[in-house]
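Novice: After the sequence you'll find the predicted model.
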Amino acid sequence: MFFHGFDCQYFYDQTKIRPVDKFFDGTACQNADIKGAGGDPTIGEYRVEVLSNSSLDTSNPILFQVRYSIKGGFTDSAMIAPSLFDALHDTTVPNDSQIDTVIIDNASGRDNIGWYPFGLVFMDTTKPPPPPKKISVALSSDSLDIQADSLRTLSLNISSLDSANLKTAIFEFDIDTNVYDLVSILKASLLTNGTLSVSKDTTHITVQFAGVDTTKAGELLQIVLRGKNRVDTLCSELLRPKLTVVNTDNLVSSVVYNLGGICVLGKARKDTILNGVKETGAGKYLVISPYPASSYVNFHLLHEGGVQKHLIVFDALGRKVLDQMFDSDFHWEVYSMPPGFYTATVMDNTSLLMGSIRPESIKILIVH
């Protein structure tokens, strides 16, 4: 028999194992002219292809070998499912590759028709598995100064979660209503693809979240605070913080809170400027109300009534969420918009084209 090449494909359990190298030395294919391996790891595919001008060493029962890395966290086996073994044929060579049936030898229940998956790695179950490792995590924030009657955002950060297995959790804290009169909670970078729900009464805030990115430490939540309109300076903090892991396989052993103080500086101001955009709802040409908004925003032009202006609203990622022409007043329903900061830009198209004015931008805060 002249057996000079093959194409072998199988799928592996990528959650448990990963091929890292292939070996042809000491196998039937070691003297083949072309030999290699590849595949698509995103779907757990591995493929080995061999081609030779001369016949492979059919006296050697091993075609090739593959080395795997084994991932932790499983106690059964890692499965492999063969899907293809195609012996190459050369019609110009007499009796080339007379193989007409391929059987995967260690696949139980095999026959000449079907392919059967088989276990590759079996963990040692004669010894009890070690207890899962629990870790301590830290919640931290920097100290923060807020001008009276102004908004600031406090970043709540969490240390690396590693094996903490934090699937669903609740963060609670109390606020001093003598210091702030508005508190809003927003998702931060570690919850970009997660979920968030907030409930609050007069002084107590409860935040339930799920889907935390556990691959790194970083910003977990953003807490938007508005300092009360005071003439004196008063300091406080997030009172009685508590992080509770809800999922039953909780691997958080303890939580350390390193939360900075928050001071509201007693200096009444009508507005503050953040990155060149006014945070209050009044500009040179435009007034918005209410501020913050929960279900709707009203836009009102202060000057040049009857002259149409162009209103565009962007979210915090720079995506356009509203594009509207209006004369003097416009009502925008926002009850279905995600909470967070938005930027409203209004411009006079004619004046803008002539270069006589610059577009005006105003911050909008939506809370629910």
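Specialist: That came through, no problem. Numbering: from 1, shown residues only.
Novice: Give me the buried positions along stretch 286-300.
Specialist: Buried residues in stretch 286-300, defined by neighbour count with 16 or more other C-beta atoms under 10 Å: 286-288, 291-293, 297, 299-300. C-betas here are computed from N, CA, C, even on glycine.
Novice: quick one: low-confidence parts of the stretch 101-250 of the chain?
Specialist: 103-118, 121-127, 129 (pLDDT under 70).
Novice: thinking again about what came up before, can you lay out the buried residues of stretch 286-300 as JSON lines showing secondary structure and distance to Gly38?
Specialist: Listed next are the buried residues of stretch 286-300 as JSON lines, based on DSSP: H, G, I helix; E, B strand; the rest coil; distance: C-beta to C-beta, whole Å:
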{"residue": "Leu286", "secondary structure": "strand", "distance to Gly38": "59"}
{"residue": "Val287", "secondary structure": "strand", "distance to Gly38": "63"}
{"residue": "Ile288", "secondary structure": "strand", "distance to Gly38": "57"}
{"residue": "Tyr291", "secondary structure": "coil", "distance to Gly38": "58"}
{"residue": "Pro292", "secondary structure": "coil", "distance to Gly38": "54"}
{"residue": "Ala293", "secondary structure": "strand", "distance to Gly38": "54"}
{"residue": "Val297", "secondary structure": "strand", "distance to Gly38": "55"}
{"residue": "Phe299", "secondary structure": "strand", "distance to Gly38": "58"}
{"residue": "His300", "secondary structure": "strand", "distance to Gly38": "63"}
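Novice: And the helices in the stretch 251-368 of the chain, which stretches?
Specialist: 349-354 (DSSP state H, counting those that start in this stretch).
Novice: Look up how far Arg152 lies from Phe314.
Specialist: 21 Å (C-beta to C-beta, to the nearest Å).
Novice: okay but Ser361 is in contact with Tyr342, surely?
Specialist: No: counting by C-beta atoms under 8 Å, Ser361 sits too far from Tyr342 to count as a contact (10.5 Å).
Novice: And those two? Which one has more around it.
Specialist: Tyr342 (21 against 18; other C-beta atoms under 10 Å).
Novice: Against Asp145, how distant is the closest residue to the more buried one other than its chain neighbours?
Specialist: Once flanking residues are discounted, Tyr342 sits nearest to Ile364: 4.3 Å by C-beta to C-beta, 6 or more residues apart in numbering. Here the criterion is C-beta to C-beta. By it, Ile364 lies 24 Å from Asp145.
Novice: more crowded one of the two?
Specialist: Remark: of Ile364 and Asp145, Ile364 carries more neighbours, 23 against 14, as counted by other C-beta under 10 Å.
Novice: Help me confirm that the more buried one comes into contact with Thr345.
Specialist: No: look at Ile364 against Thr345 with C-beta under 8 Å: they stay out of range, at 10.8 Å.
Novice: So for those two, which residues contact both of them?
Specialist: Listed as contacting both Ile364 and Thr345 by C-beta atoms under 8 Å, 6 or more residues apart in numbering are Val313.
Novice: give me every residue that touches the spatially most central residue of the chain.
Specialist: Nearest residue to the geometric centre of the chain (C-alpha atoms, centre = their mean): Asn193, 4.1 Å. Applying C-beta under 8 Å, 6+ apart, we find Asn193 in contact with 211, 213.
Novice: what about it, which SS state?
Specialist: Following DSSP: H, G, I helix; E, B strand; the rest coil, the label given to Asn193 is coil.
Novice: List phi and psi for it.
Specialist: Backbone torsions for Asn193, taken as degrees, to the nearest 10, come to phi -100, psi 10.
Novice: The spatially closest residue to Ala169 that is not a sequence neighbour: neighbouring residues, count only.
Specialist: Computed as C-beta to C-beta, 6+ apart, the closest residue to Ala169 that is not its neighbour in sequence is Val245, at 5.0 Å. Using other C-beta under 10 Å, Val245 has 18 neighbouring residues.
Novice: which ones are touching Val245?
Specialist: 164, 166-169, 252.
Novice: can we see that at 6 Å?
Specialist: Residues near Val245 by C-beta atoms under 6 Å, 6 or more residues apart in numbering: 166, 169, 252.
Novice: Redo the residues you listed as a markdown table? Include neighbour count.
Specialist: Below are the contacts of Val245 laid out as a markdown table (neighbours: other C-beta atoms under 10 Å):
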| residue | neighbour count |
| --- | --- |
| Leu166 | 22 |
| Ala169 | 21 |
| Val252 | 18 |
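Novice: quick one: which of those residues sit in strands?
Specialist: 169, 252 (DSSP state E).
Novice: Out of the contacts of Val245, flag the one nearest to Ile34.
Specialist: Distance to Ile34, by C-beta to C-beta, is smallest for Leu166 among the contacts of Val245, at 48.9 Å.
Novice: Relative to Ile175, how far out is that closest one?
Specialist: To Ile175, Leu166 is 24 Å away according to C-beta to C-beta.
Novice: Next: Val246.
Specialist: From Val246 over to Ile175 (counting by C-beta to C-beta), the distance is 23 Å.
Novice: Looking at the two, which one has more neighbours?
Specialist: Higher neighbour count among Val246 and Ile175: Ile175, with 22 against 13, using other C-beta under 10 Å.
Novice: Show the contacting residues for the more buried one.
Specialist: Ile175 is in contact with 183, 203, counting by C-beta under 6 Å, 6+ apart.
Novice: rerun at 8 Å
Specialist: Contacts of Ile175 (C-beta under 8 Å, 6+ apart): 183, 203-205, 236, 238-239.
Novice: What are the boundaries of the strands in the stretch 1-150 of the chain?
Specialist: Under the criterion DSSP state E, counting those that start in this stretch, the stretch 1-150 of the chain carries strands at the ranges 5-12, 17-23, 34-38, 45-51, 65-70, 77-87, 118-122, 135-141, 144-147.
Novice: Reformat those as TSV; add distance to Gln324.
Specialist: Output for the strands of the stretch 1-150 of the chain, formatted as TSV (distance: least, C-beta to C-beta, whole Å):
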stretch	distance to Gln324
strand 5-12	52
strand 17-23	52
strand 34-38	53
strand 45-51	50
strand 65-70	56
strand 77-87	55
strand 118-122	60
strand 135-141	38
strand 144-147	32
